[in-house]
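**Student:** When you get a sec, could you give me coordinates for this:
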Amino acid sequence: MSVHLNILKRTCYISLLSLFLLILLELSTAVGMAQSLEPVKLTLHWQHQSQFAGYYMALSKGFYAQEGLDVNIMRGGPDVRVGEMLKSGKTDFASFMLSSALEERAGGLPMVQLTQIVNRSNFLLAVWKNPAEGVSINELSDLNGRKITVWLQDFRAPYLALFASKNVQPVILPQYYTLSLFLHKGALACSVMRYNEYHTLRQSGLQDNDLKIFSLHDLGIHLPEDGIYCLDETWKQRPETCRKFVSASLKGWTYARDHEEETLKEVMKYVRKENLPTNRMHMNWMLHEILASIFPAKNDDWVFGKISRTTYDSVSKMLIQYGGLKTAPPFEDFVKDGAAND
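**Tutor:** I've put the predicted structure just below:
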């Protein structure tokens, strides 16, 4: 009996030793993998929200790690100048609106586009349909000589292009980070994004019969929005890193499209961590709308993750003619093959 007991003890000892060695091997492998990942930073052009859900999912589901990247996603916002972050080397990649990126490039920042994420424009103009004074709003021309608010700097160009192309001359007041002036009827119209401020107005209690909505896209301002950018130097020195980052990011967006509920939960983690003044219903609306702007429907004329030469040339010409853009680089100099653009 003692012989059997000794054999049993030895078997248990060997099993425990094997398990311990296996755990050590797995830990050392994990540590080695973590040490071998290339650290990179992505700075968003606004605060954490569903607009950037694909990047969160690429990080959460390990798509960046699978490409050998250790990605740190940093928020943007009114206190963050993303162009300066790129210029100073504080971030490797950044999200920008196309119009904003072209303005940064024209201003001397040597940045390039790696992939176009949002292809359908979400810029809207929300107008009080029946104002207390003056004629009711039915056409864009009814805004001539009347007070409206438009965002400053980065998001101003599409509206200037709209008014110039339609020969409409409203009185433009600066719009900051709330819709208070519009809601208190200090202005007849305000600039909103389909996936964001428009839904905020609806959550404020406004109905269809209160508002007239002008879609810049429907009025001919076909302006792609969010994309991934880096310095030209980063592209030249680390092209494989750039391609890996784009590949994993696009995988993240595809996962977000196919798993909206899981994605919404991930978005809310970022929102709650930052204590942002939003809610799950609004983030759900934003996620649905932003995905519809990224992935083409049957009749849409864009390709996921790409901007065509025709679209780029058209946008550049429009922004130079109407939006105050001084100059735009040739397609080949600005749009790189991070996502195999054609």
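**Student:** quick one: average confidence on stretch 139-150?
**Tutor:** In this model, stretch 139-150 has an average pLDDT of 95.
**Student:** and it, how far apart are its ends?
**Tutor:** Its first and final residues considered, stretch 139-150 spans 18 Å by Cα to Cα, to the nearest Å.
**Student:** what's the burial count for the residue nearest to residue 159 when sequence neighbours are not counted?
**Tutor:** If the residues on either side of it in the chain are set aside, residue 159 comes closest to residue 150, at 4.7 Å by Cβ to Cβ, 6 or more residues apart in numbering. C-beta here means a position set from N, CA and C on the backbone, and glycine is covered the same way. Residues within reach of residue 150, counting by other Cβ atoms under 10 Å, total 22.
**Student:** What lies in contact with the one helix or strand residue 150 maps to?
**Tutor:** According to DSSP states H and E, residue 150 maps onto strand 147-151. Applying Cβ atoms under 8 Å, 6 or more residues apart in numbering, the contact partners of strand 147-151 are 125, 127, 156, 159-160, 170-175, 181-182, 186-191.
**Student:** May I have the beta-bridge partners of the residue nearest to residue 159?
**Tutor:** With DSSP bridges as the criterion, residue 150 is bridged to residue 174.
**Student:** State the distance from it to residue 265.
**Tutor:** Between residue 150 and residue 265 the computed distance is 35 Å (Cβ to Cβ, to the nearest Å).
**Student:** Then residue 63?
**Tutor:** Taken as Cβ to Cβ, the span from residue 63 to residue 265 is 17 Å.
**Student:** One more: residue 177?
**Tutor:** Counting by Cβ to Cβ, the gap from residue 177 to residue 265 is 27 Å.
**Student:** Comparing those two, which residue is more hemmed in?
**Tutor:** residue 265 (12 against 8).
**Student:** does that one sit in a helix, a strand or a coil?
**Tutor:** Following DSSP: H, G, I helix; E, B strand; the rest coil, residue 265 is assigned to helix.
**Student:** Can you check the pLDDT for it?
**Tutor:** 98.
**Student:** now residue 136
**Tutor:** With respect to pLDDT, residue 136 has a value of 85.
**Student:** That one - how many residues pack around it?
**Tutor:** Count around residue 136 with other Cβ under 10 Å applied: 11.
**Student:** Ok, residue 260 next?
**Tutor:** There are 15 residues near residue 260, going by other Cβ under 10 Å.
**Student:** List the contacts of it.
**Tutor:** Taking Cβ under 8 Å, 6+ apart as the test, what residue 260 contacts is 287-288, 291.
**Student:** Mind checking which of those residues are in helices?
**Tutor:** 287-288, 291 (DSSP state H).
**Student:** Please enumerate the helices of the stretch 201-342 of the chain.
**Tutor:** 232-237, 239-258, 260-274, 280-294, 309-322, 331-334 (DSSP state H, counting those that start in this stretch).
**Student:** Disregarding flanking residues, what is the spatial nearest neighbour of residue 203?
**Tutor:** residue 282 (6.6 Å).
**Student:** quick one: that neighbour and residue 200 touch, right?
**Tutor:** Yes: contact criterion Cβ atoms under 8 Å: residue 282 and residue 200 qualify, at 7.1 Å.
**Student:** got the contact list for residue 144?
**Tutor:** 168-170.
**Student:** could you say what helices and strands the helix or strand encompassing residue 182 packs with?
**Tutor:** Using DSSP H and E, the secondary-structure element containing residue 182 is helix 180-183. Judged by 3 or more Cβ pairs under 8 Å, 6 or more residues apart in numbering; DSSP states H and E, helix 180-183 is in contact with strand 189-193.
**Student:** What pairs with the strand it packs on, parallel or antiparallel?
**Tutor:** strand 123-128 (antiparallel), strand 147-151 (parallel).
**Student:** For residue 258, which of those strands is the nearest?
**Tutor:** Of all the strands paired with strand 189-193, strand 123-128 sits nearest to residue 258, with 27.3 Å by Cβ to Cβ.
**Student:** chain center to that closest one, what's the gap?
**Tutor:** 21 Å (Cα atoms, centre = their mean, to the nearest Å).
**Student:** Flag every buried residue along it.
**Tutor:** 123-128 (16 or more other Cβ atoms under 10 Å).
**Student:** re earlier: just the buried ones out of the contacts of strand 147-151, please.
**Tutor:** Counted by 16+ other Cβ under 10 Å, these give 125, 127, 156, 159-160, 170, 172, 175, 181-182, 187-191 as buried.
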